[in-house]
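> Sequence plus the predicted model coming up.
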Amino acid sequence: MPDRTNIKIRLRPLLDTVMKFFSSFRQSLSIRTEDDKELYPIGVEGKKGTLGCPYANRDYRAVNPAYGTMEDFEALVREIHARGMKCMIDVVYNHTSPDSVLYREHPEYFYRGPDGKPGNKLGDWADVIDLDYSNRGLWQYLTDTLVMWASLVDGFRCDVASFVPVEFWLQARAAVSAVNPDCVWLAETVHRSYGCLARRHGVYSASDGEVFRAFDLEYEYDVGVFSLRAKAADVTVSAPDGSYRNMIDGTAVEVKNGRLHCGGTRSFSSCKAF
């Protein structure tokens, strides 16, 4: 975890479910979340379904016209801030849509398969094409984009962050800190087994520990489950009071006054605390 991580984040737990995690996170930093829509325009080429996939980003520096203009988004962020809340946006830097502005302007920034055509390093995703981080021009373009958004928003949720070089995230974070030193960085990494599969196929995939060099937070389900065995006695945990659900077997547990209450002998997923 970077030295500049906000101490309020460092002292908060990552809980066993995404919704519980965000509930705790917004309590500590006054953040509320809307996770059902993407900010950016969605690609048309290779589109899946009638709406397309929101992770098939067509333009990193624009707002989806279905939601309004950049001026509309700026007004929205002002209203969010006026209500004492923070605004984080998604960053999808592993791939773009095949008809993206970036591919049109800089095709050299993209991975090409054995057939010489843009595509995917792993799997077959018809609606996206992967970026090629061996080209340092791409690093500058994406870093400049993050700096642009960081002057407006309060943080980034970075999609498939482990497939993007950690060194990129480190230098991007340093550049962003010049305009927004309090920017919050949340990484979505990949499951350990998928990361191993990627590396076996020669595809870069950073471990969670490596990713934490550049990020303040990761999802608990990415970091992995750390299980404890609770018997008749209660267990002391570092988590806010409330009800939680075991990710493994679905059983409910209760945290009250810093102690975990559960009946009988059961294995439960602990809260990941920093």
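Nice, I can see it. Given the structure is predicted, the values throughout are model-derived calculations rather than measurements.
> number of nearby residues for Ala75?
12 (other CB atoms under 10 Å). Every residue, glycine included, has its C-beta placed from N, CA and C.
> From here on, call the first residue 7.
Got it, first residue is 7 now, which makes that one Ala81.
> That one and Pro60: what is the separation?
22 Å (CB to CB, to the nearest Å).
> likewise Asp96?
Counting by CB to CB, the gap from Asp96 to Pro60 is 8 Å.
> Could you pull out the residues contacting both of the two?
Jointly contacting Asp96 and Pro60 under the rule CB atoms under 8 Å, 6 or more residues apart in numbering are 44, 46.
> Helix or strand: which one has Asp136?
Secondary-structure assignment from DSSP states H and E places Asp136 in strand 135-136.
> Parallel or antiparallel, list what pairs with that strand.
strand 101-102 (antiparallel) (DSSP bridges).
> And the contacts of the strand it pairs with?
49, 61-64, 66, 108-109, 126, 131, 134-137.
> go again using 10 Å as the cut-off
46, 49, 61-66, 108-109, 115-117, 124-127, 131, 133-137, 165-166, 169 (CB atoms under 10 Å, 6 or more residues apart in numbering).
> for the stretch 7-156 of the chain, what spans make up the strands?
Assigned by DSSP state E, counting those that start in this stretch, the strands in the stretch 7-156 of the chain fall at 19-20, 94-98, 101-102, 135-136.
> shaky segments in the stretch 107-256 of the chain?
Counting by pLDDT under 70, the stretch 107-256 of the chain contains low-confidence ranges at 226-256.
> repeat that for 90
128-132, 196-203, 206, 214-215, 223-256 (pLDDT under 90).
> Now Asp121. Its backbone dihedrals?
Per-residue torsions, Asp121: phi -90, psi 0 (degrees, to the nearest 10).
> need the contact list for it.
Contacts here follow CB under 10 Å, 6+ apart; on that basis Asp121 touches nothing.
> Ala180 is in contact with Trp191, correct?
No - shown here, Trp191 and Ala180 do not form a contact pair, counting by CB atoms under 10 Å, at 11.7 Å.
> Please say which of those two ends up with more neighbours.
For Trp191 versus Ala180, the count of surrounding residues by other CB under 10 Å is larger for Trp191: 26 against 13.
> The closest residue to the more buried one other than its chain neighbours: which element?
Distances taken as CB to CB, 6 or more residues apart in numbering place Phe221 nearest to Trp191, at 4.5 Å, with adjacent residues excluded. Using DSSP H and E, Phe221 sits within no helix or strand.
> which ones are touching Ser106?
By CB under 10 Å, 6+ apart, the residues touching Ser106 are 46-47, 49, 51, 62-66, 112, 115-116, 134-135, 137.
> Using PyMOL, define a selection of the buried residues within the residues you listed.
Buried residues within the contacts of Ser106, by 16 or more other CB atoms under 10 Å, are selected in PyMOL with:
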select buried, resi 46+47+49+62+63+64+65+66+115+116+134+135+137
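> distance of Ile95 from Lys54?
22 Å.
> Between the two, tell me which one has more neighbours.
Between Ile95 and Lys54, counting by other CB under 10 Å, Ile95 is the more crowded of the two (17 against 14).
> who touches that one in this structure?
Here Ile95 is in contact with 44-46, 79, 83, 155-156, 158-163 (criterion: CB under 10 Å, 6+ apart).
> In helices, which of these fall?
When DSSP state H defines the helices, the subset of these inside them is 79, 83, 155-156.
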